[in-house]
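Asker: kindly generate the corresponding structure for this input.
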Amino acid sequence: DTPVVYDYTGFVEANREMDVVPQVSGQIKEKYFKGGDNVKAGTWLYKIDQRNYYAAMLSAKSGYYSAEADAERYTKLYEQDAVSKQMLENTLAARDAKRAMYISAQKDYDETIVKAPFDGRIDTTSLEVGNYADAGKTVLTKISDTNPVYVRFSIAEPEYMNLARAGSAGGAGLENVVLTLANGEKYALTGEVTEVNRGISDGTGSMTCRAKFANPDKKLLPGMFAHIQARGEMLKNAVLIPQRALVEMLYKKFVFLLEKDNKVSMKEIQIGQNVGRLMVVGAGLEPGDIVVVEGTGKLRNGMQVNSSPMQEADLDTTKRAQ
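Answerer: Numbering: from 1, shown residues only. Sure thing, here's the model as predicted:
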């Protein structure tokens, strides 16, 4: 019994990624991080020149306090019928306008400190002290949230349906996918397909999926190549042969079979998925067939040979003549 395993290639993406852009303009006076640092939300990243914003904030504060005093004074005068209602309303409106100006100036001053918007890793390409930053335009740096991460890959429609069915039947399906890195190392944590594109891509018959993986050690980085494996339905009583036994000719697949008279015969077969170093045979072999594993490059149909038995454990050894 052999599980059908589907293989896909994809790339690691951050959970969240954004450009850090200042909300006020000015020269960069301080930088508080190094490229590649992991930072917490609210960590100071940059300080923009504060002098003009500080002066504007003090001026707006003074204007607001003065308008507040006028509003209190005119309120008392109105209660004594010393001023008209219109004069009081004008004074209160002026106070409210001054308050709004003060709040805006205070906000601009606060924005001279650029903070990390969320927990994440800072990009290595960042502006340095001395550069001028335009509000809403200049990208100071980039930050990525890499726990969790996603692996984006494409999946054919029939395979998606098979995996969804396997998951519904209690198998692994799309809920327990395995990640292998570019160096062949298997990632310790399994993932789950959490996002599927809303439709099939025109002309390809495939859809884009994103598998979510926890990344507590920050081992997975955005842009990394990734190899995804998802286990689908179980093939009952599957027939498997070593991949190295396969002979390809004119787009067809063959194996050499050892007959009773020590002659070999070439047999066309239908193949299925790879299972490690083995391969599922869909059709073409019968119980009792003896398949030649090594030395196939020297064989011709009907050739008589000397042979020796080979077990699955022997697949780890170097090639040997048959």
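Asker: need the contact list for T112.
Answerer: V24, G26, K47, I48, D49, Q50, Y53 (Cβ atoms under 8 Å, 6 or more residues apart in numbering). Placement of C-beta: from N, CA and C, glycine included.
Asker: most neighbours, which of the residues you listed?
Answerer: Counting neighbours by other Cβ atoms under 10 Å, I48 leads the contacts of T112 with 24 neighbours.
Asker: residue contacts, that residue?
Answerer: Counting by Cβ under 8 Å, 6+ apart, I48 has contacts P22, V24, S25, G26, Q27, I28, K29, E111, T112, I113, V114, A133.
Asker: of those, which is the nearest to N215?
Answerer: Within those, proximity to N215 (Cβ to Cβ) peaks at V114, which comes in at 25.7 Å.
Asker: direction included, what does the longest strand seen in the chain pair against?
Answerer: Ordering each strand of the chain by length in residues (DSSP state E) puts strand 2-20 first. In the sheet, strand 2-20 lines up against strand 141-156 (antiparallel), strand 225-235 (antiparallel) (DSSP bridges).
Asker: so the lowest-mean-pLDDT helix or strand in the chain versus strand 2-20, what angle?
Answerer: Across the helices and strands of the chain, mean pLDDT, DSSP states H and E gives its lowest value to helix 157-168, namely a mean of 75. Helix 157-168 and strand 2-20 are oriented at 100 degrees to each other (axes from the mean of the first three to the mean of the last three Cα atoms, to 10 degrees).
Asker: before we move on, back to that, weakest of the strands paired with strand 2-20 by average pLDDT?
Answerer: Mean pLDDT values for those show the minimum at strand 225-235, a mean of 83.
Asker: beyond it, next helix or strand please.
Answerer: strand 240-242 (DSSP states H and E).
Asker: state the mean pLDDT of that next one.
Answerer: So the average pLDDT for strand 240-242 ends up being 86.
Asker: looking at the strands paired with strand 2-20, which is buried most?
Answerer: The highest mean neighbour count among these, using mean count of other Cβ atoms under 10 Å, belongs to strand 141-156: a mean of 21.
Asker: quick one: average confidence on stretch 256-271?
Answerer: Averaged over stretch 256-271, pLDDT sits at 87.
Asker: measure M87 to T75 for me?
Answerer: 11 Å (Cβ to Cβ, to the nearest Å).
Asker: A214: which of the contacts of T112 is nearest?
Answerer: In terms of Cβ to Cβ, no member of those lies closer to A214 than K47, at 34.7 Å.
Asker: tell me, what's the model's pLDDT at the nearest residue to K115 once chain neighbours are set aside?
Answerer: Closest residue to K115 apart from its sequence neighbours, by Cβ to Cβ, 6 or more residues apart in numbering: G42 at 5.2 Å. Per-residue confidence (pLDDT) for G42: 95.
Asker: hang on, G42 packs against A116?
Answerer: Yes - with contact defined as Cβ atoms under 8 Å, G42 reaches A116; the gap is 6.4 Å.
Asker: and these two? Which one has more around it.
Answerer: A116 (21 against 10).
Asker: contacting residues for that one?
Answerer: Per Cβ under 8 Å, 6+ apart, neighbours of A116: V20, V39, K40, A41, G42, T43, L45, I122, I143.
Asker: please redo it, this time with the cut-off set to 7 Å
Answerer: By Cβ atoms under 7 Å, 6 or more residues apart in numbering, A116 lies in contact with V39, K40, A41, G42, T43, L45, I143.
Asker: and what of D145?
Answerer: Counting by Cβ under 7 Å, 6+ apart, D145 makes contact with A14, N15, R16, F118, D119, G120.
Asker: element containing L88, please.
Answerer: Going by DSSP H and E, L88 is in helix 85-110.
Asker: of the contacts of A116, buried ones?
Answerer: Among the contacts of A116, those buried by neighbour count (16 or more other Cβ atoms under 10 Å) are V39, T43, L45, I143.
Asker: surely the last one meets S126?
Answerer: No - taking contacts as Cβ atoms under 7 Å, I143 lies outside contact range of S126: 9.9 Å.
Asker: let's see which of the contacts of I48 end up in strands.
Answerer: Secondary structure from DSSP E places G26, Q27, I28, K29, I113, V114, A133 of the contacts of I48 in strands.
Asker: rewinding a little: and which of the buried ones among the contacts of A116 is nearest M279?
Answerer: Nearest member of the buried ones among the contacts of A116 to M279, counting by Cβ to Cβ, is I143, at 45.6 Å.
Asker: what's the spacing between I290 and E111?
Answerer: 78 Å.
Asker: much appreciated, bye for now.
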